[in-house]
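Undergrad: Provide a 3D model corresponding to the input given below.
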Amino acid sequence: MAAVLVLAAVTACGAVSGNPGNEGNTAASADASPRLVTVTSGTLVPTLSGDGTVRAGASFAVTAPVAGVFEPSVGSGDTVAAQQELGKIGDTPIVVPVEGRITSLADAGANVPRNYPIATVSYTGFSLELDASRLLRMIGSSDALSGRFQITDGQGPTECAAVMPVRAASANNDQPVQDAGSADGSSRLTCLIAKDVNVREGESGTVVLTATALQHSLLLPVSAVAGRSGTGTVTRVSDGKHEQVKVTLGASDGARIIITSGLNEGDQVLAEAPNLTDKHTP
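TA: Numbers count the residues shown, from 1 in each chain. Just a heads-up that it's a prediction; the model follows:
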């Protein structure tokens, strides 16, 4: 399933420099200097959008919010209610977001890392899935994700009852294992649909997942950056001179991307990425 990152709630993006008042002057535009954008500080909300098909049922993981020793308060095979506590790690309770049946559970006393799948839960409701590999690489955890979905020509937009990692129970039913569909290393998330929402198996829909806002980030439009994951290159302009600069990249919302190193707030770069522009320097 193809998934793309899209624009969510943001603050002002990189300012475009130019000559105010010349928008309608064709001759002036033809002779204008290359467009520049400015590195600004603002807030970015990592967001993922994807299309999918409504499925009947879901098997999802409840993961450890912190590292430590897990002490369960339920057993494998138990039926649990929404917001019921499954156990604790230290003083941190672990709850299930929706009703379901525990199909696998980590051992009592297991010392687990953060994000470890403590339990696999079977949900007898509808769901929509999508590949969230890139989003999870950017944010590090699915704990703070929320979502909305829109059924094509139907229900929505509607809040997901919960957004959870897709998992499947192991054959011996005592430990969670990775979903078979994720054997290639991708990470799938499921938008669980509340049982009072009128949908049908096989309907198509779009899911938009939103992570916690990242504040005080240095931002550039993605169109100014060659590269999207890890590192990239921009053309910095200073005192009329053009210089290609390597930058380290953070999360993106599809319209803008976080610059974690290589530039400072207020720096100006060409509005088009280096691989899209002429390689001439003044």
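
Undergrad: give the contact list for residue 206.
TA: By CB atoms under 8 Å, 6 or more residues apart in numbering, residue 206 lies in contact with 49-52, 149-150, 152. C-beta here means a position set from N, CA and C on the backbone, and glycine is covered the same way.

Undergrad: Leaving out sequence neighbours, find the closest residue to residue 56.
TA: Leaving aside its sequence neighbours, residue 56 sits nearest to residue 201 (CB to CB, 6 or more residues apart in numbering; 4.5 Å).

Undergrad: per-residue confidence at the one you found?
TA: With respect to pLDDT, residue 201 scores 96.

Undergrad: Check residue 115 too.
TA: Reported pLDDT for residue 115: 87.

Undergrad: Which ones among the contacts of residue 206 map onto strands?
TA: 49-52, 149-150 (DSSP state E).

Undergrad: Dump those residues into CSV; add pLDDT, neighbour count and distance to residue 86 as well.
TA: Output for the ones in strands among the contacts of residue 206, formatted as CSV (pLDDT from 0 to 100; neighbours: other CB atoms under 10 Å; distance: CB to CB, whole Å):
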residue, pLDDT, neighbour count, distance to residue 86
49, 86, 21, 31
50, 89, 23, 29
51, 92, 16, 32
52, 91, 21, 27
149, 96, 23, 26
150, 95, 17, 31
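
Undergrad: ok, back up a step: quick check, nearest of the contacts of residue 206 to residue 100?
TA: Comparing the contacts of residue 206 against residue 100 with CB to CB places residue 149 closest, at 19.1 Å.

Undergrad: where's the closest residue to that closest one other than its chain neighbours, which helix or strand?
TA: Excluding its sequence neighbours, the residue lying closest to residue 149 (CB to CB, 6+ apart) is residue 207, at 4.8 Å. Assigned by DSSP states H and E, residue 207 belongs to strand 204-210.

Undergrad: Tell me the helix or strand right after the longest strand seen in the chain.
TA: Longest strand of the chain, by residue count under DSSP E: strand 117-131. Next in sequence after strand 117-131, counting helices and strands by DSSP H and E, comes helix 133-139.

Undergrad: for that next one, packing partners?
TA: Judged by 3 or more CB pairs under 8 Å, 6 or more residues apart in numbering; DSSP states H and E, helix 133-139 is in contact with strand 3-5, strand 47-53, strand 241-252.

Undergrad: mind putting those in a markdown table, distance to residue 114 included?
TA: As requested, the helices and strands packed on helix 133-139 are arranged in a markdown table below (distance: least, CB to CB, whole Å):
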| stretch | distance to residue 114 |
| --- | --- |
| strand 3-5 | 24 |
| strand 47-53 | 21 |
| strand 241-252 | 19 |
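
Undergrad: Out of these, which is the most enclosed?
TA: Highest mean neighbour count among the helices and strands packed on helix 133-139 (mean count of other CB atoms under 10 Å): strand 47-53, with a mean of 21.

Undergrad: Sheet partners, orientation included, of it?
TA: The strands beside strand 47-53 in its sheet (DSSP bridges) come out as strand 3-5 (antiparallel), strand 204-210 (antiparallel).

Undergrad: Now mean pLDDT and distance to residue 189 too, for those strands, in a markdown table please.
TA: Shown next, in a markdown table, are the strands paired with strand 47-53 (pLDDT from 0 to 100; distance: least, CB to CB, whole Å):
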| stretch | mean pLDDT | distance to residue 189 |
| --- | --- | --- |
| strand 3-5 | 44 | 10 |
| strand 204-210 | 92 | 7 |
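
Undergrad: of the ones you listed, which approaches residue 79 most closely?
TA: Residue 79 lies closest to strand 204-210 among the strands paired with strand 47-53, at 27.0 Å (CB to CB).

Undergrad: Okay, buried residues for that closest one please.
TA: By neighbour count with 16 or more other CB atoms under 10 Å, strand 204-210 contains the buried residues 205-210.
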